[in-house]
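J.: Pasting the sequence and the predicted model now:
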Amino acid sequence: MELSNLRPAEGSKHSDNFRRGRGHGSGNGKTAGKGHKGQKARSGA
């Protein structure tokens, strides 16, 4: 094993540009993974 050969484990990386909050069918619609209410669910928080 050498530093030049290191790679992330298979399946450990995923795209960060997933479109959240785009309909129920996407599996990430409505609250877009933020839950309900609370400071971190608010816009601009």
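T.: Received, thanks. Numbers count the residues shown, from 1 in each chain.

J.: got any ranges where this protein has weak pLDDT?
T.: Across the chain, nothing is flagged by pLDDT under 70.

J.: Excluding chain neighbours, what is closest to R19?
T.: Closest residue in space to R19, ignoring its immediate chain neighbours: S26 at 7.3 Å, by CB to CB, 6 or more residues apart in numbering. In this view, the C-beta of every residue, glycine as well, is placed from N, C-alpha and C.

J.: and the one you found, how many neighbours?
T.: Neighbour count for S26, taken as other CB atoms under 10 Å: 13.

J.: hang on, it packs against G33?
T.: No: between S26 and G33 there is no contact under CB atoms under 8 Å: 10.9 Å.

J.: To what extent is R22 buried, counted in neighbours?
T.: Neighbour count of R22, defined by other CB under 10 Å: 11.

J.: List the contacts of the spatially closest residue to it that is not a sequence neighbour.
T.: Closest residue to R22 apart from its sequence neighbours, by CB to CB, 6+ apart: G29 at 6.3 Å. Contacts for G29 (CB atoms under 8 Å, 6 or more residues apart in numbering) come out as G21, R22, G23.

J.: Next one: the nearest residue in space to the last one that is not next to it in sequence from M1, what distance?
T.: It stands for G23. Spatial nearest neighbour of G23, chain neighbours left out: G29 (4.6 Å); criterion: CB to CB, 6+ apart. To M1, G29 is 43 Å away according to CB to CB, to the nearest Å.

J.: again, but for F18
T.: 32 Å.

J.: for T31, same thing?
T.: Distance from T31 to M1, by CB to CB: 43 Å.

J.: higher neighbour count, the two?
T.: T31 (12 against 5).

J.: State the helix or strand in which the residue nearest to G23 lies.
T.: Assessed by DSSP states H and E, G29 sits outside every helix and strand.

J.: now it: how far from G21?
T.: Here G29 is placed at a distance of 6 Å from G21 (CB to CB).

J.: before we move on, back to that, could you measure from the residue nearest to G23 over to R19?
T.: Using CB to CB, we find G29 at a distance of 10 Å from R19.

J.: for A9, same thing?
T.: Taking CB to CB, one finds A9 at 25 Å from R19.
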